[in-house]
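> okay, here's the prediction I keep looking at, along with the sequence it came from:
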Amino acid sequence: MAWNEPGNGQRDPWGKPRQNPGKSGLDDALKQLKNRLSRLGGGPGGLLAVVLVLLLASLLFSSATVVDARQAAVVLRFGQYARTLGPGFHFKLPRPLETVTKVSTTEVRSVSDKVRMLTSDENIIAVDFNVQYQVSDARKYLFSVSGQPEDTLRQAAEAAVRSVVGANVMDNILTSSAPEQAVAPAAPSTSAAPVAAAEVAVKQAAAAAQARDTLQQQTREILQATLDSYDAGLAVTDVSFQNVSPPQEVKEAFDDVNAAREDKQGTENKARAYASQKIPEARGEAARILAAAQAYSVERVARANGDAARFDLILKEYRAAPEVTRRRLWLETMEDVMSNTSKVLDGTNGRNMIYLPLDRAAARDLPGVGTVAPAAGDDAGKEKQ
């Protein structure tokens, strides 16, 4: 049989139909499924069979659920809590027997609000706070609190902030909530001791930051205790005071008070810097004078001891040979005297008058002038004659 016989090339030489390479196996499977469904729907009860097949597929599909790693799933059986599913693939009863509600437990959510409240010294202050939280228990989060959990959290956070602010005076809250006010007085530090002023500013900033952290920590603890009493299933991760300021009506007066406080702090910083400069200088000068006095005392004592020892040696020699010792002492004394006295040598061979270097003798006592005067020469005698 020829390969090109009639039949559009769909048959091979043995009479078997040839497969079309352009069609995939998926198309064949869809075609077969379509034919079977058409046969089911074509006979009596076919529509009911189709409905049963779709219902069975829906039940099978709703009998499994996948929970993400960042979620927790709450299973309700006939509307009542049954169990909580962790991350992974789980089987359950199909709808409507059991339903699944997924809740994100790792997402960090936030609630912000701005309220006015009274401090312990009866001043009004505006506080802008922010609360960050997570869902710690999906069941409590969904069913323990009526209404929206975010509204409950906002009201509990406002109550916690009012409790903390109401227990502190306004100056403490403003100072602790604005650390830049504590750092600002470091600017007028003197050039003589900037390190001391910088250390003071750093200590003030650290104290303000510690006070701010204390207030926020107290607020977070009170808020968490309130949420735990509600069984809200929420865990507070952070509470921060974004902006704390007096009301706009009295802001100018508080600005004047803050400016005066900064001026006072700047003056105190200057005084501390001056004290830090002068006290070390005075201590150094006192140490130098004390060291010089001690050195002078040691020198005088050593010299006195040396003079006494020398005198004892001379006395010993004098007792052994008095005449020789007196002669030696006289010669040494004359040597010392003559070595420091100007001398004039007569080179005129006994002439009647010579010139004495009186000008040089007078200049001998001046600094930088030699003590020995040169002898008058023959030229001086000749000029006198």
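Cool, got the structure. Numbers count the residues shown, from 1 in each chain.
> show me where the stretch 251-385 of the chain has its strands.
Shown for the stretch 251-385 of the chain, no strands are assigned by DSSP state E, counting those that start in this stretch.
> any regions of it where pLDDT drops low?
For the stretch 251-385 of the chain, the stretches with pLDDT under 70 are 343-348, 350-385.
> ranges for the helices of it?
For the stretch 251-385 of the chain, the helices defined by DSSP state H, counting those that start in this stretch cover 251-320, 322-339, 358-363, 378-384.
> tell me which of the ones you listed lies nearest to Arg116.
Among the helices of the stretch 251-385 of the chain, the nearest to Arg116 by Cβ to Cβ is helix 251-320 (13.1 Å). Every residue, glycine included, has its C-beta placed from N, CA and C.
> quick check: angle from that closest one to helix 322-339?
Angle, helix 251-320 to helix 322-339, by axes from the mean of the first three to the mean of the last three Cα atoms, to 10 degrees: 130 degrees.
> use 595 as the first number for this chain going forward.
I'll keep to 595 as the first residue from here, and by that count the last item is helix 845-914.
> what packs against helix 845-914?
If contacts are counted by 3 or more Cβ pairs under 8 Å, 6 or more residues apart in numbering; DSSP states H and E, helix 845-914 sits against helix 788-824, helix 916-933.
> deepest-packed of these, please.
helix 788-824 (a mean of 16; mean count of other Cβ atoms under 10 Å).
> what is the mean pLDDT for the helix or strand following that helix?
Next helix or strand after helix 788-824 toward the C-terminus (DSSP states H and E): strand 828-839. Mean per-residue pLDDT for strand 828-839: 89.
> now do strand 828-839 against helix 845-914, angle only.
90 degrees.
> on that earlier part again, dump the helices and strands packed on helix 845-914 to CSV, plus distance to Val709.
Putting these into CSV (distance: least, Cβ to Cβ, whole Å) gives the following:
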stretch, distance to Val709
helix 788-824, 13
helix 916-933, 99
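> nearest to Tyr868, out of the ones you listed?
Between these, helix 788-824 lies closest to Tyr868; by Cβ to Cβ that is 9.3 Å.
> low-confidence stretches in the stretch 695-844 of the chain?
The model of the stretch 695-844 of the chain has pLDDT under 70 over residues 770-803.
> element containing Ser740?
With DSSP H and E as the test, Ser740 turns up in no helix or strand.
> list phi and psi for it.
phi -80, psi 140 (degrees, to the nearest 10).
> that one: neighbour count?
The tally of other residues near Ser740 (other Cβ atoms under 10 Å) stands at 8.
> could you do Ala750 as well?
Neighbour tally, Ala750, other Cβ under 10 Å: 23.
> run through the residues that contact the nearest residue to it once chain neighbours are set aside.
Once flanking residues are discounted, Ala750 sits nearest to Thr820: 4.5 Å by Cβ to Cβ, 6 or more residues apart in numbering. By Cβ atoms under 8 Å, 6 or more residues apart in numbering, the residues touching Thr820 are Ala750, Ala753, Ala754.
> do you know how far Thr820 is from Val694?
Applying Cβ to Cβ, to the nearest Å, the value for Thr820 to Val694 is 30 Å.
> tell me the one of the contacts of Thr820 nearest Ser933?
Closest approach between the contacts of Thr820 and Ser933, by Cβ to Cβ: Ala754, at 98.2 Å.
> how about the contacts made by the closest one?
By Cβ under 8 Å, 6+ apart, the residues touching Ala754 are Thr813, Arg814, Ile816, Leu817, Thr820, Val833.
> now the residues you listed in CSV, with distance to Asp707?
Listed next are those as CSV, based on distance: Cβ to Cβ, whole Å:
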residue, distance to Asp707
Thr813, 13
Arg814, 15
Ile816, 16
Leu817, 12
Thr820, 15
Val833, 12
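> out of the helices and strands packed on helix 845-914, flag the one nearest Pro840.
helix 788-824 (16.7 Å).
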